Structures are given as C-alpha cells and as structure tokens.
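Peer 1: sharing a model that was predicted from the sequence below.
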Amino acid sequence: MQSQDAAPRPSSSPAGPDVDVEQAEAALVEHYPRLVRLAYLVLPPDLGRGRRVLTAHALTQRALPRGKAAPPVIPAQSAGRDGDPGYAFVRQQVLRAALEAGLPLRRRGRLGRPQLPPLLPQVWGLRLFPRSGGADELALDQRLSELPAPARAAYALRGLEQLPDDEVRRILTAAGVRNVNAALREADDVPARYGLLASPEFDPCSLQARPTDLMRRRQHTRAALAAAAALAVCGALVALPGGGWGPDGAAAPAYAQNPAAEAALDPGRLVRAVPSAWKTASRTGFSVWPARGDLTGDTSLLRRALAVWARPGETVRLSATPGTPSGGPAGPPQLLYAGNVDNAHVVLLYDGLRIARYAEPKDGTEGAALDFARADGANGTEADAVVLGRADGNVRYLTAPWVTKTAERDLMRPAAGARDLPLSGGVTSPMASPATKTGPCRSWNALQIGDDTGTHVLTDLGELMPARLTVGHPGKEREVSGSESLHAWAPYACSLGAVRSQGVRSVNAWAYAEQKLPGAGGTADWVCTRAETWRGGGARVLAQFHTPGGTYGAVAAKAEDVPACGPRDPRVLAGVLWKSQGGTWYLLAAGGKDTASIRTTGGLSASADGHVLAARAKQGLQAELKGTLTDGREIGGLH
C-alpha cells in the first residue's frame, strides 16, 4: 500500500475546462478503451484486478465536464487524439481521478468523487477481470505494482500516450503531483517495455466474467427472504449439485435454458463428419474432419465438455486467444476428437468460428481446462493441425485426415534435415515445443507436414492453432519447403517468440534488401517478418538486420497494426546503428527495391540515392528516416 505522502493531492477545484461537454464526450467515446486502460494502470494495485477494472470504468465515465463552457476558438480536429483539446481534457480528468483514488478517504469535508468506498462500484453476481498475459506481462505488472501512483502514471503516459518527458511533467503537474522528477526517476527503474501495455493483461475492456460463489452463498444463507431474493435475481435454479462433482463435472450450476441452448449441450446432437467427406469436399477445412480418438463414444465425457464450455466453473482454467469469444456454442458443435492424451482426457470441438479444447485429468475433473482459438476461414494448410496437448515441454498435434507425413525440424539448423514424427490415428508423437522454453534461444523446433499439395511448416506459439510459416514478397508468399526458404528463416526463428499468445495465423519472412557493409564487412541482409492474426487486426511487423556470420537477426524496428510489409503495402524502410570491425559507428538503412532515395533528419543529416544508405554516426544517435519511392511518394521509417 503506498504511503500517503507519496501520492499526489490534486486540487479539489480544478480550473474550468476550455471545451464543451459535447466535444469532451466525443473524445471520451472515441478513445474510451485507451482512457480506461490508463486509469487501470494508475489505480492502486492493492485494489485487486476486479476492483481496478470496475473503478477504472467508473472514473473514466465521470470524466466529462460538469457544465457547458464556451467552445474553443479553433475547433478540435476529428482525425485523431493528437491536438484534440477534448481528449486532452478528458485524459487529464481521468489521470487526476485515478491518482486521487489512491489517497485515504477524507474524514472531513466532501467525499472526493474518485475516492469511492472499498465496495463500490459493484457488479452483483459476477467477477470481472482482464485476461491473463504471458510471463513478460506478469513480470511488468509486478514491477509496476511496486511503484507509487505518480510513477505508474509517468510510465503509462510514456508508454500508452508515447509522450516525451517534458509533456509528462506538464500533465503530472497539472494533476497535482508534488514531485514530478521523482516520479520520472522511479518510472525509469522499470524496463521500457511499452509494447506490453497493449497486452490483454492490462486491458480492462477485454474481460473474463465468472460468477461469485453461488453455492457457498446458498448454503450459508438459510433465511427464506434471502432465498426468495436469490431466486428473483437469478431465475429458477435447476440441477444444482449437492456437493462434489455432479454429472456436468467442472461446469458451473445449470440454470433454466431455452431449447436451442439445451440442444447445443446434448452429446447426442454433436455433428460428426463422414470419415470420407474430406476426399470429395471442395473446401478442406475443419468442417470435413472426422471424429477421432478412443473416447468418441463416451457420452459422459462429451456431456461434461459441452457443459463446461457453456458455463465453466470457478475452478476451470480458461484461456482464449485475443479476439476470441469464450461464450457457449450457438448450436450443436462438431466433434473433432475425444480420447486419452498422456494423462488427460481431451475433447476437441469446432463451431465454425472457434476450436474449443476441453481437458480433464484421468482420475477426476478437478483441474479441468478449457481453451479457445479462432479458426474461422481456416482452409488447406491453416487447417492441417491443432494442438492436442502439452506435457513436459513437448507438444502433440492432431492432424488433418489428408496429412500423410509429419516431421520435426529445427528452423535454426536448416542443413540438419527433418526427423520423422510418427503418426497414429492422426495424432503425432510428442515433439519439443518452443512455446514453453525459457532462457536463451538456441533452437526452434517446428512441425513439418506433408500432404498432396506439398510440404508445409507450422510452429507452436503457445495456442491451439499453430502458425503457418511462409517466405517471399507479400502477396506472393510461398511455403517453407526448400533449402533456400529454410535458410532464409534460420536467423529469424527466435524472433517468433515475440508473437507468442497473440492469436497469430501466419508469419511471413521477406528479404527486402541486401547491403554491402562499410570497411569490407561483407553483405548484410534486411528482412521484415509480418505476423498476421486470426482476428485480422493487430498484425506485428519486425524489420531485422542480419550480418554475415551472425546466428541471429537483430531487430531494427517494429510496429503493430500497420500495413507495412504486407500485401496491401509491401513497402518498408528501417535503419540500425552498426559498429564496424575497426570500431567506427555507422547508421545503416534500407528500403525495398522501389525506394529511390533515403535521407535522415534529427541527430544526423545524410542522404543517399537508391534503396540503401550508410553514413558515419555516433553511438547512441537518434535520427528519423524518410524515403522517396520511384513513383514520387514518401514513406517514413518503421517504428
């Protein structure tokens, strides 16, 4: 709990806004997710994740000005939040409220609006909290929780708003922070991994909902009045198990349901494709996968899987890739697999949009898990395999019925060849998974698949759906099947770790430029990798630089949700500081072959005709890149 003197004490009577209510409301609605995320990051961590979510929404929704002021002389632009006084005002109010929420309640005087009692706001009957991120996000959340509120605010303004320190000082001062410089110094102690702030771990608008402990509340509430109130709010409760595991296993208590919902939970109505349907189908997707596994006739197991999907209990470990809804199926889903996998019973289901994997221990249902992944539009290679289970650092896949051969390949050792991976009933033998590895990246094992269309390479990124790997110019990608394409991926395989658990559908590597290094240093390669997601948005682009003899490619620039290096806009421009063997520093930059010239501004003024640039520089230099294309258009450096 942060001390009282470490928190700011904003003024209780701020100056009146210079925007009207309509302008502020428009900014709040347009940028609501960003403002709520900012409040969530600044609020005291000892509130707990659920309480921080509700409080962040409450504070943001109360950020509008109380009265109607005269409109500004120059109307705010509607093209974005930069330069919009409405957004600046609302952001200031949200930040002020979040900082004040960490102060103790005042015993005298009017209760400050942000200083809500510990139990307010409240959502009855539900627990709401953000989805869990990966190890990096959890580590960052832990580091931020150790900072006082002003330092968390400084970190959030730098990362979320991408503001320079001078602007951060101005905003924090206006919010009432006493020692802004101390807040900035404390924020400096946390690594500047600002990209992680976009993770679902810190997104109070993308939530998981779970019921409160209805069973315990029911057992402990004996009064007839309380029982009647519970029935009035929740409806007619049916089939509540009296204790232990009921027929629905790890599912939450069942409520009155409509006929369509009941049909979706009937194991007898599960869709099962004809075993030979894939041979004559015009589209080879999951809809033509036959049901496989040694437990496809286990009605009790299938019923538990469907019930948990519809209403997962509090003890069920639930996960979903970004952009994947986790609600129950709208109708009877298709059964893909039900069987024994290592020490678990596993059921794979498909509803046309999602793959759902239910797993429970063989000796009971305690510790059951339910995982979701989007699979809409999956066709051909994208529907070649699904993760069946992970254990002891290994992964097993269930492959499509048209897959004839599987092998394990280390992408970092393309010359080593592929090792055969036996198949039994469509299930692969276990292979090492790069998704669970920690420590230095010295290998990256991928699944190589053979079918009647050729050879394909898929990689495990910690989700149900493995990502497809390709190489080549965006829009003309080809499979990673030959020696040249395998060697193209070798230096960049470890960069796949940056897109774990992001709902990635495919990753393409494109060698867009070669550059001769100064001082007879050989020829370096410039490659951009673009990870496309199942949800369409959120693509991640890395521009990487690889010197001769190096094992790994160095990340020169990165961006998210941009068209660069993709089929819509394959152009890319990036730069890197490089030190020659003689100890001289250079700024190297490269664009695609349709780049006519490159120039730099800022810390260095240099230019070059063509698509590459090399200029002497100093260590630590910061400069902006600009390029001119052969058709006269300009592009900026990827960042």
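Peer 2: The structure has been received and is ready for your questions.

Peer 1: okay, now the spatially closest residue to C494 that is not a sequence neighbour: neighbour count?
Peer 2: When the adjacent residues along the chain are set aside, C494 lies closest to C441, with 3.7 Å between them (CB to CB, 6 or more residues apart in numbering). For glycine as for every other residue, the C-beta is placed from the backbone atoms N, C-alpha and C. Residues contacting C441 under the criterion other CB atoms under 10 Å number 16.

Peer 1: before we move on, what about the one 3 residues further on?
Peer 2: Other residues near W444 number 23, with proximity taken as other CB under 10 Å.

Peer 1: quick one: contacts for it?
Peer 2: Going by CB atoms under 8 Å, 6 or more residues apart in numbering, W444 touches D410, L411, M412, P434, T459, A493, C494, L496.

Peer 1: which residues in the stretch 501-639 of the chain form strands?
Peer 2: Applying DSSP state E, counting those that start in this stretch to the stretch 501-639 of the chain gives strands spanning 504-516, 523-533, 540-546, 554-560, 573-579, 585-591, 595-602, 606-609, 612-616, 623-629, 634-636.

Peer 1: out of those strands, which gets nearest to L197?
Peer 2: strand 554-560 (11.5 Å; CB to CB).

Peer 1: walk me through the domains of this structure.
Peer 2: The record's domain split for the chain, according to automatic domain parsing, is 4-208, 213-378, 381-570.

Peer 1: give the rounded mean pLDDT of the last one.
Peer 2: Across domain 381-570, pLDDT averages out at 92.

Peer 1: the first one now?
Peer 2: This predicted structure assigns domain 4-208 an average pLDDT of 72.

Peer 1: repeat for stretch 324-333
Peer 2: Computed over stretch 324-333, the average pLDDT equals 87.

Peer 1: how about stretch 626-635?
Peer 2: Mean predicted confidence for stretch 626-635 is 92.

Peer 1: so what touches it?
Peer 2: Outside stretch 626-635, the residues that reach it (CB under 8 Å, 6+ apart) are 571, 573, 591, 594-601, 636-637.

Peer 1: CA atoms only: put it into CSV for me.
Peer 2: Extracted in CSV, the C-alpha atoms of stretch 626-635 (Å, rounded to 0.1, in the frame of the first residue of the first chain):
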residue,chain,number,x,y,z
LYS,A,626,12.5,9.3,-44.7
GLY,A,627,12.4,7.7,-48.1
THR,A,628,11.2,8.6,-51.6
LEU,A,629,9.7,5.9,-53.8
THR,A,630,10.3,5.6,-57.5
ASP,A,631,6.7,6.9,-58.1
GLY,A,632,7.5,10.0,-56.1
ARG,A,633,5.6,9.1,-52.9
GLU,A,634,7.3,9.4,-49.5
ILE,A,635,7.5,6.8,-46.7
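
Peer 1: show me what counts as buried in that stretch.
Peer 2: K626, G627, T628, L629, I635 (16 or more other CB atoms under 10 Å).

Peer 1: now do stretch 187-199
Peer 2: Quick answer for stretch 187-199 (16+ other CB under 10 Å): A187, V190, L196, L197, A198, S199.

Peer 1: for it, measure first residue to last.
Peer 2: End-to-end distance for stretch 187-199: 19 Å, by CA to CA, to the nearest Å.

Peer 1: count the neighbours of the nearest residue to A175 once chain neighbours are set aside for me.
Peer 2: Excluding the flanking residues, the one nearest A175 by CB to CB, 6+ apart is R96, at 4.5 Å. Taking other CB under 10 Å as the criterion, the count of residues near R96 is 25.

Peer 1: pretty sure R96 belongs to a helix, no?
Peer 2: Yes - the assignment for R96 by DSSP: H, G, I helix; E, B strand; the rest coil puts it in a helix.

Peer 1: which SS class is the spatially closest residue to A310 that is not a sequence neighbour?
Peer 2: Closest residue to A310 apart from its sequence neighbours, by CB to CB, 6+ apart: G328 at 3.6 Å. The assignment at G328 comes out as coil when based on three-state DSSP.

Peer 1: run through the helices of the stretch 151-300 of the chain in chain order.
Peer 2: 165-174, 180-188, 214-220, 224-234, 259-264, 277-280, 299-310 (DSSP state H, counting those that start in this stretch).
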